[in-house]
Structures are given as C-alpha cells and as structure tokens.
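Asks: compute the structure for the input listed below.
(chains A and B)
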Amino acid sequence: MENLNSYLTVSAILFSIGTIGVLTRKNAIVIFMCIELMLNAVNLTFIALSRYLGNLDGQVFVFFVMTVAAAEAAVGLALMIAFYNNKESIDVEDVNMLKW
Amino acid sequence: MFDNVWLIPLFPLLGFLINGLLGKKIKNETVIGGIGAFAVLCSFAVSCMTILKLLSLPGEERLANVKVFTWMTCGNFNADIAFLIDPLSCVMIMIVTGVGFLIHIYSIGYMHGEEGFYRFFAYLNLFMFSMLLLVLGNNLLLMFVGWEGVGLCSYLLIGYYFHKKSAGDAGKKAFVMNRVGDFGFLLGAFTLYWFMGHNFNVWTIQFTELGKNAHLLPTGGVVTVITLCFFLGATGKSAQIPLYTWLPDAMEGPTPVSALIHAATMVTAGVYMIGRMNFLFIRSPETLMVIAVIGACTALFAATIGTAQNDIKRVLAYSTVSQLGYMFLAMGSGAFAAGIFHLMTHAFFKACLFLGSGAVIHSMHHALHHVHSHDDAQDMRNMGGLKSKMPLTFLTFLLATIAIAGIPGFSGFFSKDEILWQAFANPHHGQLNYLLWGMGAVAAGLTAFYMFRLVFMTFFGECRITPKAKDHLHESPMVIVIPLIVLAGLSVVGGYIGIPKLLGDLFGGIPNYFEHYLEPVFRLSEEYMAEHAAHGVAHHSVALEWGLMGTSVVIALIGIGIAFALYVVNTSIPAKFTATFPALHRAVYNKWYIDELYDYVFVNPCKALGRFLWKGFDVVVVDGVVNGVAKVVMSFGGIIRYMQSGFVYDYSWSMAFGVVVILGYYLFK
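Replies: Numbers count the residues shown, from 1 in each chain, chains lettered A, B, ... in the order given. Okay, the predicted model is just below:
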C-alpha cells in the first residue's frame, strides 16, 4: 500500500468537511448527515490502516462504528421528529432551551 | 433474695404505657383510674414484701445490689440497671408507693370529669416509675435518670391545665430552675467519678463501691467542691434557697399533684440524695455547714412568707419549703436519720394537708360554680365555717395541722424535736449551733401560727361566701375522704416508730426503732463524725434537752395562741396590723419581692442576652455570613451564565475549540 497517504488525506478532508458542516450548518438533518460523514471518514482511516498493517482489528472496529451509527440514526431521527412536533422546525437555532 | 425488686418500678411503667397509649380509647374513668391505682398498689405490695424480707435479715446484712442487666460498658466506665436495697431505699419506696397509692385513689375522685383524665393518670404513673428509679437506683447515673424523670413529670403535671398561661409559665419555671440544680448534680457526679478514678483508680459510680472507698477521700478540698455541686442539685429539686421560688408557683397543678410530687415525694429527693451519699458529705465540714445554714434560713424565711398568703395552697407550699429546710438542717447537722424521719412524717401530714385543701377547694369550686360566682375557690378569705359542712375533712386536716405544728404526741413533734435537738447538740458547727437552733425554733413557732391561721380562716368563723353558694357546700365522696383518714391516722401515729431516746427512757426504755433501723446505712458516717468532730463531742445534760424540748413546744403553743387570738377571738386585729405596718405586710405578702429580684438580676439579663444574640448575632452575623456566601455565588454565576447560550452549535464550537487546543498542546509542546 504505497498510497496510504492518499487514503488518509481523503479521510482527513472528509472529516474536516463533516466538522465544518456540524459547526456551521443550522439544519439539524444536515448536521446529522455531517456527523455521518465524520464517522465514515474515520471508517476509511480504519480500513486503510487495517490493510496497511495487515491487521483485521481495524475492520472489526468499522462494523462496530456502523452499528453505532445505525443506532444513532434511529435515535437522532426520533429526536428530530419529536422536536418537530413541538416547534414545527428542525432548525438548531430554535433549540435553545438548555440555558439559564 | 430480692430478685423480684425490679417489679416495683415496672408496674407503674406498665400503667403509664397502658394509660398513655390506650387511655384515649378506654375513656371509662373507673378503668383508667383503676389501672393507675392498681399498678401502684402492686408496687406497694412488692415493696412491703421487700421490707419484710429486709427486716428478717440481721442488721449488718441488710444491703443488696440487685443487678437486672448491664446498661453500658465503656472502658473503665460501667453502668448497670441495678437496684440498691438497704434500709434507706426501703423506707423511701414504702413512702413513695404507700402515699402514692393513697393519692392515686384520691385522684380518681378529685379528677372526676376533668378533660384529659387518662393523661393525668399516665403522667402520675410515669412519675411513680421515675421516683422509684431515683430511690432504688444503685448508681449515680440511674439515680440521675430518675432525677430527670421526676423533673419532667413535675413539669408535665404543673402544666396539666396548659390552656391557662399561668400554669404553663409555672411549669417552665419549675423546669428551668430544676435544670440549674441538675447542672450541679451532673458536675458533682462527673467530678466525683473522675477524682476517685484518677487519684485512687476506683472507677465506679455505684453507691456501695463509692462508700467502701470513701475512706480514700481527703477531708475538704475537692470533696467540698463535689458535695457543694451535689447540694446545688438538691436545692433545685428540694426547693431550698436560692432555687425555691418554683415550688409555690407549682401550685398551679392539680392538688393531688401538689400533694404527691410537691410535698411528699419528689421534693424530698434532695434530702434522700444527701442521705444516700452521706459518706461523701461528712468528709466536708464546710458543705455540712452550708447545708445546715441554708436549711435553717429556708425554714425561717419560707415560714415568714407563709404567714401572709391568702391562697390556701400557697400557704401549704411555703410550709413545704420550710419543712424541707428542717430536713436539710438535720442533714447539715449530721443527723441523717432525723432528716429521713422528718421526711417520712412530713410525707404523711403534708400529703394529708394538701389532699384536705384539695377537698376544700373542690367543694368550694363546686359551690361557687353553682351560683355562677367567679370568686377564687382557693382564697381563704372566701372560706370560713367549713367545719360543719365538711366534718371529716376538718377533722383529718386538724390532726395533720397539729402534727405539723409539733404538738407532743403527734408525729411532727418527734421528728421536728429530734432535728432541733441535733441542730443544737451536734459537734460540727460550734457557736453557730445556737443560731441554727434559734432559727429552727422561731420557724416552728411561725409554722404553728400560719397553719392554725389557715385552719381558723378556713374552717372556723362565719362562712364568707354567699348564703346561696353555702348551701351547695358538702362533704367530699368517700374515695376522697378515705385517703384523708388513712393519712391523718399516719400523721398521728407515724412518729411512734422514732421516739427520741429521752422520751423513750421516760416510758420504760422504748428504743428509737427508726434510728436503729437506719443505723446500717449511717453507722460508718456517724463513727467518722464522732472521730473528726470539729468541736469535740459535747455532753449535754438531760435537763438541757428537756428544756429545749419544752421551749420548742411552748413556742409552738404561743404560735397557735396568736393565731387563735387574731383569727378567732378578734378578727379585726390583722387588718389593723396591716394598716399600721403597710410596708412590712406588702413585703411579706409579695414574698419579699424575691421573684422580682430574680427577674431583675437573672431573668431580664438572660432575656436581654437572648435578644442580643437574636437581633445582634443571629440576624447580623450568622444570617449575614450565610446570605453573603449565597450573594457572592449568585453574582459570580450572573457573570458566567452567559456562556450557556442554549444553542447546540455554540457548544459544538467550544468542543471543537477545546479539541484543537488539547491536540495542539500535545503536538507542539
């Protein structure tokens, strides 16, 4: 795997896009998708390093991450529906009840 | 031998639990009163068995510590629930249960129809339990439990009519003044325990053990401090100068309570305690002198106040204070047996007097109530001429009065004369003896005066309530009269078990049974005192003793004569006397303004201190600190609360920022 660096670079770019998306976007669905993007960037890193090191542990981890991501998707979407029922919006600017 | 002695306090405790927990549901007065009286009767029966067993033993074996169980053990300290059976505690349990039983019977009639009837009997039984613990406890701690218990019951029963403010106040006063005394008792007990343990390695609070090791103690010094502390306790419980003012106020309670607690039993606890620890008190001549002087002063001082009171129960209350003074005079003169003897005879005649006054008040109250009069049923100025209306009450009251006045042949004569003689002849106080005897003799005259003044104002002359109300005056029911008759009988014959040697010799060598009976308890102390007498054992002639006896009898007769002249023959003299010496009368009538003095010297400064601590310290300092801390936290929070915007993206930004900072630190350090 001579081109490990390119895998890692792609992964870093994807992770940064995800992070910036989480930090800047206001739509909860988009933020949510950005989080998925970050998780998958990490998955890519795991796979690339797994292949590079010849160790299958990394690939097992990816399955865990995907499982967690699936569960998180279910919970996250449920939260968003509940929130939408209350506020008729999924804009995070309207989620400001957690304060003094 | 005395295995069942624990039953004696147990029965009243059971009575208290039954009446206290179920009394409200039982409602039936006969059942409640029956339970209360029966519990005491059972105790009385066991007490009789105990004293009979004790008497069957030879003199020197009459001592037993009956351990029920170990209460607590902690290092060297060991306290048992254990009872001490000896002649002294036996005579006390006989008085407490015997007189107590009669008063329980009387209460069934007296308290009839009162609200909270069950409460009264529950408290009364609790009192009996505490008092029996006090006299039977074989160590200082158990005695103290009883000591506090009787104080509590006294407080509860004085404030029995708690809807009356004066009753509540009187209860609190009694409680607070007793606390002052209890403080002394505790300090004495602590010091004694520590001193004996620390210096002689005798770590014990048991009376018998302490007595056995008392020879290790020095004379005076620390022992004086210890005994003075104990004596402070005694002045509180037994209403001596300076802590006597609660007892007259305690008359706010129902009359049976005054008879049982504030005349016959509880107030004698201080005398009993000194008798119990005689081995300690004899080792401090200074304390003995203090006790004798305070006793004599109290006897005289209270007697002067008694001469001018109009409330029938208050006269008797001051009389009780005065008679307790006699007992302390005896204790302070080293005549322990004489003091305990007077304790016993006083329990008989004073209980009879109080119960008799209760019968009078009951009848007066009833009569005044009938005609809707609001006159005071306890004021002797409203009474008079009750002799024909209540003949049995009058007769019993008269017998008890003769007994307290010290007329020869009645119980009070034997005990009081013994005390006066011992006060005169004891080898401890030197020249002071003459003064002590003089004060005692004058107090005896005053006693005779005010007691007969009471009898004449109440039972003789014209009835001073309206004729209509007069028709409603009647003799009390048998349940009230029978205890009176029994107590009057005891007041008459109770003295014959302790005939002074002088008179005994005259009638063919009748021994002084009572003194002989108590000898095992006090013998060691008496031997010690004979050895260490400060002024040498003086040998007084028989003629002198006869002379003193005759003098005190004559003084008593003079007192009665003056009372007869002033309140029967020419009833206008007292008013003229009052008009001639208004200041003197006002001072005596107002109890020498001692209450006002105490208010001024102790109560008001305490209140002022309390108000300062409240308004000054508590509100400003304590509250200030607490509120200040809260304010600082609040203002700090007011500044940093703006970090909490509530927006998710703000939090995620700060998280990302934090991650960058931490990563940056590890990458570039």
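
Asks: low pLDDT regions in chain A?
Replies: Along chain A, the parts satisfying pLDDT under 70 run over A:1-2, A:98-100.

Asks: rerun that using 90 as the cut-off
Replies: Regions of chain A meeting the criterion pLDDT under 90 cover residues A:1-4, A:23-28, A:83, A:86-100.

Asks: grab the longest helix from it for me.
Replies: helix A:57-87 (DSSP state H).

Asks: ramachandran angles for residue 26?
Replies: The chain I'm using is chain A. phi -110, psi -20 (degrees, to the nearest 10).

Asks: look at chain B instead
Replies: The phi/psi pair for B:I26 (degrees, to the nearest 10) reads phi -70, psi -50.

Asks: and it, how many residues sit next to it?
Replies: The tally of other residues near B:I26 (other Cβ atoms under 10 Å in any protein chain shown) stands at 15. Glycine gets a C-beta too; all of them are placed from N, C-alpha and C.

Asks: can you tell me the helix or strand for the closest residue to it other than its chain neighbours?
Replies: Of all residues not flanking B:I26 in the chain, B:I32 sits nearest, at 5.6 Å (Cβ to Cβ, 6 or more residues apart in numbering or on different chains). In the assignment (DSSP states H and E), B:I32 maps to helix B:29-56.

Asks: cool, B:F185 as well?
Replies: Going by DSSP H and E, B:F185 is in helix B:165-200.

Asks: just B:F328 next, same as before
Replies: Assigned by DSSP H and E, B:F328 falls in helix B:312-332.

Asks: can you check B:I81 too?
Replies: Applying DSSP H and E as the criterion places B:I81 in strand B:77-85.

Asks: what's the angle between the next helix or strand after that strand and strand B:77-85?
Replies: The helix or strand immediately downstream of strand B:77-85 is helix B:87-110, counting by DSSP H and E. For helix B:87-110 against strand B:77-85, the angle by axes from the mean of the first three to the mean of the last three Cα atoms, to 10 degrees is 70 degrees.

Asks: distance from helix B:87-110 to the middle of the chain?
Replies: Here the centre of helix B:87-110 is set off from its chain's centre by 15 Å, with Cα atoms, centre = their mean, to the nearest Å.

Asks: what's it packed up against?
Replies: The helices and strands touching helix B:87-110, judged by 3 or more Cβ pairs under 8 Å, 6 or more residues apart in numbering or on different chains; DSSP states H and E, are helix B:29-56, helix B:117-136, helix B:255-259, helix B:269-276, helix B:336-370, helix B:478-493, helix B:513-532.

Asks: number of nearby residues for residue 5?
Replies: I'll assume chain A. 10.

Asks: meant chain B, my bad for not saying
Replies: Using other Cβ under 10 Å, B:V5 is surrounded by 26 other residues.

Asks: same question for B:V659.
Replies: Counted with other Cβ under 10 Å, B:V659 comes out at 11.

Asks: over to B:W653?
Replies: B:W653, neighbours per other Cβ under 10 Å, totals 14.

Asks: wait, B:A263 sits on B:G356?
Replies: No. B:A263 is not in contact with B:G356 according to Cβ atoms under 8 Å; the separation is 11.8 Å.

Asks: contacts only, for residue 33.
Replies: Let's take chain A. A:G21 (Cβ atoms under 8 Å, 6 or more residues apart in numbering or on different chains).

Asks: my question was about chain B
Replies: Counting by Cβ under 8 Å, 6+ apart, B:G33 has contacts B:104, B:107-108, B:111, B:117, B:121.

Asks: same check on B:F612?
Replies: So B:F612 contacts nothing (Cβ under 8 Å, 6+ apart).

Asks: how near is it to chain A?
Replies: 41 Å (Cβ to the nearest Cβ, to the nearest Å).

Asks: name the SS class of that residue, please.
Replies: helix (DSSP: H, G, I helix; E, B strand; the rest coil).

Asks: shouldn't B:F69 be within a helix?
Replies: No. According to three-state DSSP, B:F69 belongs to no helix; its state is strand.

Asks: which other helices and strands contact the host helix or strand of B:G438?
Replies: Here B:G438 sits within helix B:432-459, counting by DSSP H and E. Helices and strands touching helix B:432-459, by 3+ Cβ pairs under 8 Å, 6+ apart, are helix B:285-306, helix B:312-332, helix B:386-389, helix B:391-405, helix B:411-425, helix B:542-564.

Asks: pick the most deeply packed of the ones you listed.
Replies: helix B:312-332 (a mean of 28; mean count of other Cβ atoms under 10 Å in any protein chain shown).

Asks: average pLDDT across it?
Replies: What helix B:312-332 shows for mean pLDDT is 94.

Asks: from the chain's centroid, how far away is that helix?
Replies: Taking mean C-alpha positions (Cα atoms, centre = their mean), helix B:312-332 and its chain are 10 Å apart.

Asks: and if you look at stretch B:166-185?
Replies: On Cα atoms, centre = their mean, the centre of stretch B:166-185 falls 12 Å from that of its chain.

Asks: again, but for stretch B:79-96
Replies: On Cα atoms, centre = their mean, the centre of stretch B:79-96 falls 17 Å from that of its chain.

Asks: then stretch B:438-446?
Replies: Using Cα atoms, centre = their mean, the offset of stretch B:438-446 from its chain centre is 22 Å.

Asks: I'd like to know how many residues surround the residue nearest to B:I26.
Replies: Using other Cβ under 10 Å, B:I32 is surrounded by 25 other residues.

Asks: that one: what's it in contact with?
Replies: B:19, B:23, B:26, B:117-118, B:121.

Asks: on that earlier part again, got CSV for the contacts of B:G33, with pLDDT, neighbour count and distance to B:V661 too?
Replies: Output for these, formatted as CSV (pLDDT from 0 to 100; neighbours: other Cβ atoms under 10 Å in any protein chain shown; distance: Cβ to Cβ, whole Å):
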residue, pLDDT, neighbour count, distance to B:V661
B:H104, 95, 27, 86
B:S107, 94, 29, 85
B:I108, 93, 22, 88
B:M111, 91, 22, 84
B:F117, 91, 22, 81
B:F121, 94, 28, 80
